[in-house]
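Undergrad: fold the following and give me the result.
(chains A and B)
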Amino acid sequence: MTETPALHQNDERIKSRSRFREALIVPELGGICGTILVFTFFLLTAHESGMFNAAGVLNWSVVSAQFMIIAVGACLLMIAGEFDLSVGSMIGFAGMMIAIFSVNMGWPMWIAILVAFVLCLATGALNGWICVRTGLPSFIVTLASLFILRGLTIFLPQTLENKTIIGGIREAAEGDWLAPVFGGKVLTGLFQWFGEIGLIATFERGVNKGMPVVDGIPMLIVWALALIVFGHVLLTKTRFGNWIFASGGDAESARNSGVPVDRVKIMMFMFTAFCATVFATCQVIEFGSAGADRGLLKEFEAIIAVVIGGALLTGGYGSVLGAALGALIFGVVQQGLFFAGVESSLFRVFLGIILLFAVVLNTYIRRIITGEK
Amino acid sequence: MESHLTPLIQMKDIEKHFGSVIALAGVSVDVFAGECHCLLGDNGAGKSTFIKTMSGVYKPTSGEIMFEGRPMNFADPRDAISAGIATVHQHLAMIPLMSVSRNFFMGNEPLRKIGPMKFFDHEFANRVTMEEMRRMGINLRGPDQAVGTLSGGERQTVAIARAVYFGAKVLILDEPTSALGVRQTANVLSTIDKVRKQGIGVVFITHNVRHAMAVGDRFTVLNRGKTVGTARRGEITPEELQDLMAGGQELVALESSLGGTV
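TA: So this is what the prediction gives:
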């Protein structure tokens, strides 16, 4: 190795690229543009409706955080080259399991929550194991789990209680040490103080007189932020993240280079299941009940948020931050239409249109990256 | 590194049978450090079976493999790789959507400890990738450039540079020039030359005599699972090599018996 590195200048094979064009090639591009667009739109049309005061911000933040939690899981799984269509059913299933364990069977809440987590992670692992073992598309395998889990979620409460909604969870969670991790609020003291100094509005009458309208940050938002940070660091800063990209980019090449592709995929299925269960737990503790129809269509909303965030449906490319922005766009638009007084069914029209735009944009970016025609 | 006395790898009378099919019927090849040994043969001559035996994918039915003077018995390709035998297949094990530096270290990611956590050391990976690629004569736009934007020849070079960086002593190149244009072929051949000068033994599989003559030190011709012969550079003309490869009269006889359908 005595040869000194020869320095070539201006290799004609390297086309020069403008800084601007370079900056365009980030997976988050769609998400960033969309976020700016959506906020500009609602600042102009709904600023007087209370959408941007403390209570309004909390309102769309909570909805966005819900989307973010499932989007992070779906994002990492999609980059690893797989889908999970059973996310929505798993949300319903996890919530129902917590309700049955804690209310019907009278277990302590923390045991109910932990057992629900174990059940869902096992289901995720089974989904992944079937996919890597049989080589079947995860689309079909998880479509099967979508129906199986949803069916069980309706069947179990009907058999046990003769109804499809089980309440009484808030009472069961009373005094439990684990429940506040999902249903509690943080920084309540700070918000109390904000109320006292007049930074945020306080209730003027009623039992809550003098209390700030927003009395803390729900744990749901904390979970969303924590999962985003975890997912982003895992994907971009660790060896495992490189394996996720590699497994989704080309499983065969990755295997030839010594990447444990099957293990990576199964673990990502489990992570998706984990995110769905976090969502479900926060939801049942907040609502105080579990319903058999909870989480309906969530799997598609998660996938749309991820695609708006710049991930390729074919795997191997994407960003957790992008997916989080996709989820933010979702939450802001869904609640913003309400604040702006627009018929809420238009939200679905919007979803369809923005999904189409995102996919077209992603295909274009992919061509720039890979130099394909 | 210049040990011309013992070959890096020596394959003696290798035979490989698949059931009743005799794929290799006695092939002997040795490779010294710093030489480019070209393995020529037409399709079906047994080149692929032979390199798979050399890289530990197949166990020979009979014959002996000596690596650095010691008899070797590879249980699987991982053994061969950790011993220092790297194979760059036509299917390159590169992921187009990932950056050059992420591809370069795929499966061998450098780690940096921060507290109890281990992180991918991007700084190190990017620096090494740029250095190694420059050494091979390829100027990247940046280490984060996607492999998909590289030409076929450049991708070959990344794969070769990666194998060399991770300690290959013997580098097996499986038809690296077969799908490339003239310019790209020239680039890959010059990469082979650079690698050889670093003291690595290169096994260059091809059926293109001109590519072989351009960089080869020795030439071994395989035909119908046997070594037809080994010649040094200067001892043989391209025409003779071509004739050996085609199997001389045998092939002509076969061709006429098939009524010119081949």
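Undergrad: show the contacting residues for residue A:299.
TA: A:70, A:74, A:84, A:85, A:86, A:87, A:88, A:89, A:146 (C-beta atoms under 8 Å, 6 or more residues apart in numbering or on different chains). C-beta: built from backbone N, CA, C; applies to glycine.
Undergrad: which of those tops the neighbour count?
TA: residue A:74 (34 neighbours; other C-beta atoms under 10 Å in any protein chain shown).
Undergrad: just the closest residue of chain A to chain B, please.
TA: residue A:370 (3.0 Å; C-beta to the nearest C-beta).
Undergrad: SS state for the residue nearest to that residue when sequence neighbours are not counted?
TA: Excluding its sequence neighbours, the residue lying closest to residue A:370 (C-beta to C-beta, 6 or more residues apart in numbering or on different chains) is residue B:148, at 3.0 Å. Following DSSP: H, G, I helix; E, B strand; the rest coil, residue B:148 is assigned to helix.
Undergrad: wouldn't residue B:148 be in contact with residue A:369 here?
TA: Yes - counting by C-beta atoms under 8 Å, residue B:148 does reach residue A:369; the two are 6.1 Å apart.
Undergrad: need the residues touching each of those two.
TA: Going by C-beta under 8 Å, 6+ apart, residues that sit against residue B:148 and also against residue A:369 are residue B:97.
Undergrad: around chain A, which positions in the stretch 101-250 of chain B sit nearby?
TA: Contact residues (C-beta under 8 Å from any C-beta of the partner chain) of the stretch 101-250 of chain B with chain A: B:102, B:105-109, B:111, B:118-120, B:122, B:131, B:134-135, B:137-141, B:146, B:148-149, B:151, B:154, B:194, B:197-198.
Undergrad: list only those of the residues you listed flagged as buried.
TA: Neighbour counting by 16 or more other C-beta atoms under 10 Å in any protein chain shown classes B:102, B:105-107, B:109, B:119-120, B:122, B:134-135, B:137-138, B:140-141, B:146, B:148-149, B:151, B:154, B:194, B:198 among these as buried.
Undergrad: could the contacts of residue A:299 be laid out in CSV, adding pLDDT and secondary structure?
TA: Shown next, in CSV, are those (pLDDT from 0 to 100; DSSP: H, G, I helix; E, B strand; the rest coil):
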residue, pLDDT, secondary structure
A:70, 96, helix
A:74, 97, helix
A:84, 96, coil
A:85, 96, coil
A:86, 96, coil
A:87, 96, helix
A:88, 96, helix
A:89, 97, helix
A:146, 96, helix
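Undergrad: could I get the residues you listed as JSON lines with distance to residue B:53?
TA: Shown next, in JSON lines, are these (distance: C-beta to C-beta, whole Å):
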{"residue": "A:70", "distance to residue B:53": "50"}
{"residue": "A:74", "distance to residue B:53": "45"}
{"residue": "A:84", "distance to residue B:53": "42"}
{"residue": "A:85", "distance to residue B:53": "45"}
{"residue": "A:86", "distance to residue B:53": "46"}
{"residue": "A:87", "distance to residue B:53": "48"}
{"residue": "A:88", "distance to residue B:53": "52"}
{"residue": "A:89", "distance to residue B:53": "51"}
{"residue": "A:146", "distance to residue B:53": "48"}
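Undergrad: which of these come close to chain B?
TA: Okay, of the contacts of residue A:299, nothing touches chain B (C-beta under 8 Å from any C-beta).
Undergrad: residue in the stretch 151-262 of chain B nearest to chain A?
TA: residue B:198 (5.5 Å).
Undergrad: then the stretch 1-150 of chain B?
TA: For the stretch 1-150 of chain B, C-beta to the nearest C-beta, closest residue to chain A: residue B:148, 3.0 Å.
Undergrad: for chain B, which segments count as strands?
TA: B:9-18, B:21-31, B:36-40, B:62-67, B:70-71, B:85-88, B:111-114, B:117-120, B:170-174, B:201-206, B:218-223, B:226-232 (DSSP state E).
Undergrad: give me whichever of those strands is most buried.
TA: Most buried of those by mean neighbour count (mean count of other C-beta atoms under 10 Å in any protein chain shown) is strand B:36-40; its value is a mean of 27.
Undergrad: which secondary structure elements does that strand contact?
TA: Applying 3 or more C-beta pairs under 8 Å, 6 or more residues apart in numbering or on different chains; DSSP states H and E, we find strand B:36-40 packed against strand B:21-31, helix B:47-54, helix B:182-197, strand B:201-206, helix B:209-215, strand B:218-223, helix B:238-246.
Undergrad: is residue B:10 in a bridge, and if so with what?
TA: Beta-bridge pairing for residue B:10 (DSSP bridges): residue B:30, residue B:66.
Undergrad: cool, and the one 4 residues further on?
TA: Listed by DSSP bridges, the beta-bridge partners for residue B:14 are residue B:27.
Undergrad: quick check: buried residues in stretch A:264-276?
TA: A:264-276.
Undergrad: need those residues in CSV with secondary structure and distance to residue A:315, can you?
TA: Listed next are these as CSV, based on DSSP: H, G, I helix; E, B strand; the rest coil; distance: C-beta to C-beta, whole Å:
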residue, secondary structure, distance to residue A:315
A:264, helix, 11
A:265, helix, 10
A:266, helix, 15
A:267, helix, 15
A:268, helix, 11
A:269, helix, 14
A:270, helix, 17
A:271, helix, 15
A:272, helix, 14
A:273, helix, 19
A:274, helix, 20
A:275, helix, 18
A:276, helix, 20
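Undergrad: for these, which one is nearest residue B:202?
TA: residue A:264 (33.3 Å; C-beta to C-beta).
Undergrad: do you know how far the closest one is from residue A:255?
TA: To residue A:255, residue A:264 is 11 Å away according to C-beta to C-beta, to the nearest Å.
Undergrad: now render the strands of chain B as JSON lines, adding mean pLDDT.
TA: Shown next, in JSON lines, are those (pLDDT from 0 to 100):
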{"stretch": "strand B:9-18", "mean pLDDT": "90"}
{"stretch": "strand B:21-31", "mean pLDDT": "89"}
{"stretch": "strand B:36-40", "mean pLDDT": "92"}
{"stretch": "strand B:62-67", "mean pLDDT": "89"}
{"stretch": "strand B:70-71", "mean pLDDT": "86"}
{"stretch": "strand B:85-88", "mean pLDDT": "88"}
{"stretch": "strand B:111-114", "mean pLDDT": "91"}
{"stretch": "strand B:117-120", "mean pLDDT": "92"}
{"stretch": "strand B:170-174", "mean pLDDT": "91"}
{"stretch": "strand B:201-206", "mean pLDDT": "92"}
{"stretch": "strand B:218-223", "mean pLDDT": "90"}
{"stretch": "strand B:226-232", "mean pLDDT": "86"}
